[in-house]
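In: here is my input, please return the structure:
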Amino acid sequence: MPTFDLSSYDRSAEEQIKGDARMSMFLALRSAFKYRAKTSAVTAKDLAQVLGKHKSQVSRVLNGTNPSFTFETLLVYLEALGFTLTLRPSKVEDFVRSNKDARPFENYKPEVSTPPPAYFFSDTPTPGAGSVRRASA
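Out: From the prediction side, this is the model:
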């Protein structure tokens, strides 16, 4: 049985971990909103009205351009859209990360048609980011 070594924690990876978490939050909300927009014709204006916020503020959150997007914001928006979020921790010793440096594959085409906002990542450029091609509409 594999064991966990707390001393293996690498503090230099914290910014990448935070960036990955923000991206996961954004993608979860984006997915939920797109589902409701497609199945129930929900618009950003509708969501703004339910939340008591300006449409521009909701649009910034949905487009990933709101730097103050928090976990609590995610939960409120998901609840308004009729979704819940379940968190289950996974032990790192139970899986092997095959792409540890997270560089995109040479012919990678993201499903999302717009690139994520720069503030999701650390201040340093992401290696290989220039090779990512946008999906065609």
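
In: where does pLDDT dip in this structure?
Out: 1-2, 92-137 (pLDDT under 70).

In: which stretches of the protein form helices?
Out: Using DSSP state H, the helices of the chain run over 14-40, 44-51, 55-63, 71-80.

In: buried residues, the third one. List them.
Out: For helix 55-63, the neighbour count (16 or more other C-beta atoms under 10 Å) marks 58-62 as buried. From N, CA and C alone the C-beta is placed, and that goes for glycine too.

In: for Thr65, give me phi and psi.
Out: Dihedral pair for Thr65: phi -110, psi 10, per degrees, to the nearest 10.

In: contact partners for Arg36?
Out: Contacts of Arg36 were listed using C-beta atoms under 8 Å, 6 or more residues apart in numbering, and they are 42, 81-82.

In: among the helices of the chain, which is nearest Thr3?
Out: Closest approach to Thr3 among the helices of the chain (C-beta to C-beta): helix 14-40, 21.7 Å.

In: returning to what we had before: now render the helices of the chain as TSV, adding distance to Pro89.
Out: Formatted as TSV, the helices of the chain follow (distance: least, C-beta to C-beta, whole Å):
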stretch	distance to Pro89
helix 14-40	13
helix 44-51	29
helix 55-63	26
helix 71-80	15
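
In: follow-up on the earlier one: just the buried residues of helix 55-63 now: which is nearest Asp20?
Out: Among the buried residues of helix 55-63, Val61 lies closest to Asp20 (C-beta to C-beta), at 18.6 Å.
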